[in-house]
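**Q** sequence and predicted structure, then a few things I'm wondering about:
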Amino acid sequence: MSRIIALKQNSEFHRAYARGKSCASPELVTYVFKSRLRGSGCRVGITTSKKIGSAVERNRCRRVIRAAWSSLDTQVTGDWDIVFVARHKTKILKTPAVASAMSKQLTQLGVIRKT
């Protein structure tokens with residue numbers, strides 16, 4: 001399991017929202033943008049709004065998304081900035097269900113190659 005390189009700046013999130021490609025499902029919304037930094041690997045940002053629930057529920061959503069990403073990060077090809085946005089259904093799902101939805105979305109967006 002490798003360490004997740006995080007998106008931290010607001011401008012990095014907004015670049016993914018404005019100029020990136022997106023894919024949505026009831027579990028998760030994913031935005032991807034080809035990174036400007038060559039050889040840096042994938043940088044990941046996770047957002048959860050207050051609509052999700054209390055701080056405990058938002059933190060659980062972030063943990064589940066982070067765990068799902070760690071199971072898929074070895075399959076990603078290229079340098080990408082990826083933003084995952086938790087949805088209301090995320091807080092009741094387990095990691096394998098979120099990982100499945102994440103895998104489908106990343107395959108649709110061309111981040112993971114079909115095997």
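**A** Yep, that arrived.
**Q** mind giving me the packing neighbours of the helix or strand containing residue 103?
**A** Secondary-structure element containing residue 103, defined by DSSP states H and E: helix 95-108. In this structure, helix 95-108 makes packing contacts with strand 28-34, helix 55-72, judged by 3 or more CB pairs under 8 Å, 6 or more residues apart in numbering; DSSP states H and E. For every residue, glycine as well, the C-beta is placed using N, CA and C.
**Q** mind running it again at 6 Å?
**A** Here helix 95-108 touches helix 55-72, going by 3 or more CB pairs under 6 Å, 6 or more residues apart in numbering; DSSP states H and E.
**Q** the helix it packs on: what's the following helix or strand?
**A** Reading on from helix 55-72 to the C-terminus, the next helix or strand found by DSSP H and E is strand 80-86.
**Q** for the residue sitting nearest the centre point of the chain, name its beta-bridge partners.
**A** Compute the mean C-alpha point of the chain, and by CA atoms, centre = their mean the closest residue is residue 84, 3.1 Å away. Counting by DSSP bridges, residue 84 is bridged to residue 30, residue 46.
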